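Colleague: Mind looking at a prediction? Sequence and model below.
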Amino acid sequence: MLRYLNDIKLQHKLMLTFIAIVLVPVMIVGLFLTNELREMALGNALKQNALNVDRVLKRTAEVVNVSYDISYRLSYDNRLKELANRQYETVYEVVSAYRGYPDFREYARLYKEISDIRFYIDNKTLLNNWEFIQPDAQTLRQPWYEQALANNGLIAWNYILDERDQTPRFSLIRKVDFRENNVDGVLVINVNTGLLQSILGQEAFETMLVDDQDAIIAANRPGRTGRNLADIQFDAAVMHEASGSFDAVVDGEASKILIEQLVPQSSINGIRVISVFSVDSIVKDANRINNVALTVIGISMVIAIILIYMFSALIANRLRRLSKHINKVATGNFETSMAIDGKDEIGQLSRQFNSMVVSIDELMIEVKESNRQRNDLELRQNEIKFKMLASQINPHFLFNTLESIRMKAHLNGQAGIARVVKMLGRMMRANLEAGKRTVLLRDELDIARSYLEIQQFRHEERLTYEVRSDDDIADVQVPPLIIQPLVENAVIHGLERLEGGGRVSVSAWRDGVDVVILVEDDGAGIEPERLEAIRHSMEDCEEEEGHRIGIRNVHQRLLLAYGAGSGLTIASEPGRGTQIRLRVPAGGGML
């Protein structure tokens, strides 16, 4: 992709830059704002719809609760009990009893929430007057009647046919239990569906009241009342949902459906409020605003593209002229000069180009002189390399000479001299192999032991030493020459200045996952100020030129090998000696 972009002409790059930096973000922002405006409109509509549904639920509850209150009173009405269970001998007695109990008509007159009341009772002496009804065989087989007898006084809400005019009515159905007479009656209170219809008529969105059998009790859209949800091709996926918000297709349009359930007190079922609104109708205004905004943005983009094309063409022409002059110089023509046509970056490049052409001839001469000097330098470097190779032979020569001296001393019975020369030769060999990345801990301890042996030969009884370690850590890999410099420091700075000499001890043992190495002496010790200076100098990465491999070198190599937290730990008191401690991983792992 980068190679492809580099191959595109600058003018086209500027156009692509404008599209990528301006046009694409503007389109993204436009689409984002369009979507946000649409979602905001939908969100507001959903909130308003939820408020409307809640209002419908409350007002519907007020209407149906009137029927519940009336049914509660009638179920404990002794006058109704007496009228329904009395055995009448004449029609006159029945008519007189009906005249003496006008409660059904009074409830219907006083409460606009109900339309009428019917009471079904199996009493052969009663007459049917559309208030008290003798249930026939067909009525007894009706599901709502059987359900009422089986519900033991619980209320059921059903959309049933009125026997008087064969019109479906939304009714409260409840069994009235006359236990003393072992007779049950069924109370039916028809709710005023016209009042429910007027409640829905005030809603802006399409709203329906539906019973648990999906029958539409009331609706604010003409032609819905009295039908079933399946009859109006309502979405089957949400038809039986009790409550919630759903996306569905209604009448071929994407719609939002909000369903809430109302279950009155002491009822085995209830009714649902279903509100439907088309998404397109809600976002219509938002879409119109978006279309206007996109039109304005599109016109602005076209004008901007034209202006960008003009400016990019101007810049590209100036750069092409500069390119032509550069090609002339590339062919060896150093007499060319470019006219300065501005003070911008391209004009600055033109001035720099002219200066560059003037300087090239001078640089040609300097390059020739530089080549001559470089050849001389290469010769000198070759001489230095040869001397370095020759200097590497000297330690080998010294080691071989020491080995010859040792053998001669051994043959002449000079065991002490032979042993010291052997120790010195061992140390020389170790120094020759110091370029290795790691060595065995046992070899490192042998070097320290050899050094202490030589120093003991030199100081005799003034110096005693001890080197000890656990057997299980002998093969641990450690950096080379990390113990001998510490031992040398203990002998030179700790014991040589003491008239009576002293003792140097080297110990190594396992401590968990680490190996601890301790070098200690009972020499002069270090003053606190000097000790602090030594600790400070240990953190300096640069070793002073001409010095031996010292404490600072060992400390820095341990840090490089094992990371922060490694290195040397020094403890010392004047007159009581010095302790230097270090830790290495028992596994020998290095960074």
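Modeller: Nice, thanks for sending it over. Keep in mind the model is a prediction, meaning the values are calculated, not measured.
Colleague: what ranges do the helices span in the stretch 401-550 of the chain?
Modeller: Secondary structure of the stretch 401-550 of the chain, counting by DSSP state H, counting those that start in this stretch: helices at 415-432, 441-459, 484-489, 528-538.
Colleague: taking the ones you listed together, which one is wrapped up most tightly?
Modeller: helix 484-489 (a mean of 22; mean count of other CB atoms under 10 Å). Backbone N, C-alpha and C define where each C-beta goes, glycine included.
Colleague: pull the CA atoms of that one into CSV?
Modeller: Included here for helix 484-489 are C-alpha records, laid out as CSV according to Å, rounded to 0.1, in the frame of the first residue of the first chain:
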residue,chain,number,x,y,z
GLN,A,484,39.2,-13.2,41.9
PRO,A,485,38.9,-9.4,41.7
LEU,A,486,37.1,-9.4,45.0
VAL,A,487,39.7,-11.6,46.6
GLU,A,488,42.5,-9.4,45.2
ASN,A,489,40.8,-6.4,46.6
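Colleague: Ala586 versus Val292, what's the distance?
Modeller: Going from Val292 to Ala586 by CB to CB, to the nearest Å gives 77 Å.
Colleague: So for the two, which sits in the more crowded spot?
Modeller: Neighbours per residue, other CB atoms under 10 Å: of Val292 and Ala586, the larger number sits with Ala586, 18 against 10.
Colleague: Backbone torsions only: list them for that one.
Modeller: When read as degrees, to the nearest 10, the backbone of Ala586 gives phi -60, psi -30.
Colleague: ok, now how distant is the closest residue to Val506 other than its chain neighbours from Val439?
Modeller: Spatial nearest neighbour of Val506, excluding adjacent residues (CB to CB, 6 or more residues apart in numbering): Val467 at 4.5 Å. Per CB to CB, Val467 is found 16 Å from Val439.
Colleague: Just name the shakiest helix or strand of this protein by mean pLDDT.
Modeller: Among the helical and strand segments of the chain, the one scoring lowest on mean pLDDT, DSSP states H and E is helix 393-411, with a mean of 55.
Colleague: Out of the helices of the stretch 401-550 of the chain, which gets nearest to Tyr111?
Modeller: helix 528-538 (99.8 Å; CB to CB).
Colleague: What are the contacting residues of the closest one?
Modeller: Contacts with helix 528-538, where a contact means CB atoms under 8 Å, 6 or more residues apart in numbering, come from 526, 551-552, 555-556, 567-568, 570, 572, 574.
Colleague: Dump it to CSV, restricted to CA.
Modeller: Taking C-alpha atoms only, helix 528-538 is exported to CSV below (Å, rounded to 0.1, in the frame of the first residue of the first chain):
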residue,chain,number,x,y,z
PRO,A,528,32.0,5.1,56.3
GLU,A,529,32.8,8.0,53.9
ARG,A,530,35.0,5.9,51.8
LEU,A,531,32.5,3.1,51.7
GLU,A,532,29.7,5.5,50.6
ALA,A,533,32.1,6.8,47.8
ILE,A,534,32.8,3.2,46.7
ARG,A,535,29.1,2.4,46.5
HIS,A,536,28.4,5.5,44.5
SER,A,537,31.3,4.8,42.1
MET,A,538,30.0,1.2,41.5
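Colleague: Could I get the buried residue list for the helix or strand just after that helix?
Modeller: Later in the chain than helix 528-538, the nearest helix or strand by DSSP states H and E is helix 551-562. Using 16 or more other CB atoms under 10 Å as the test for burial, helix 551-562 gives 551-559, 561-562.
Colleague: what do you get for stretch 239-253?
Modeller: Here stretch 239-253 shows 239, 248, 250 as buried, counting by 16+ other CB under 10 Å.
Colleague: go on, stretch 35-46?
Modeller: By neighbour count with 16+ other CB under 10 Å, stretch 35-46 contains the buried residues 37-38, 41-42, 45-46.
Colleague: Report pLDDT for the residue located most distally from the centre of the chain.
Modeller: Residue farthest from the centre of the chain, counting by CA atoms, centre = their mean, is Thr90 at 87.0 Å. pLDDT for Thr90: 90.
Colleague: how close does it get to Ala97?
Modeller: Thr90 is 11 Å from Ala97, by CB to CB.
Colleague: And for Leu558?
Modeller: 116 Å.
Colleague: before we move on, back to that, put together TSV for the contacts of helix 528-538, with pLDDT on each row.
Modeller: Converted to TSV, the contacts of helix 528-538 look like this (pLDDT from 0 to 100):
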residue	pLDDT
Ile526	90
Ile551	85
Arg552	84
His555	87
Gln556	84
Gly567	85
Leu568	92
Ile570	93
Ser572	91
Pro574	89
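Colleague: so which of these comes closest to Glu113?
Modeller: Distances from Glu113 to the contacts of helix 528-538, taken by CB to CB, are shortest for Gly567, at 92.7 Å.
Colleague: isn't that closest one right up against Val584?
Modeller: No - using CB atoms under 8 Å, Gly567 is not in contact with Val584; the gap is 10.9 Å.
Colleague: which of these two has more neighbours?
Modeller: Val584 (25 against 19).
Colleague: Within the helices and strands, which one has the more buried one?
Modeller: Counting by DSSP H and E, Val584 is part of strand 577-585.
Colleague: can you tell me how far the nearest residue to Arg318 once chain neighbours are set aside sits from Ile70?
Modeller: In this structure, Arg318 finds its nearest non-sequential neighbour in Ile346, 4.9 Å apart by CB to CB, 6+ apart. According to CB to CB, Ile346 stands 95 Å off from Ile70.
Colleague: next one: Val279
Modeller: For Val279, the distance to Ile70 - CB to CB - is 42 Å.
Colleague: How about Val56?
Modeller: 22 Å.
Colleague: how about JSON lines for the helices of the stretch 401-550 of the chain, with distance to Gly512 and mean pLDDT added?
Modeller: Formatted as JSON lines, the helices of the stretch 401-550 of the chain follow (distance: least, CB to CB, whole Å; pLDDT from 0 to 100):
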{"stretch": "helix 415-432", "distance to Gly512": "29", "mean pLDDT": "66"}
{"stretch": "helix 441-459", "distance to Gly512": "16", "mean pLDDT": "87"}
{"stretch": "helix 484-489", "distance to Gly512": "22", "mean pLDDT": "89"}
{"stretch": "helix 528-538", "distance to Gly512": "25", "mean pLDDT": "89"}
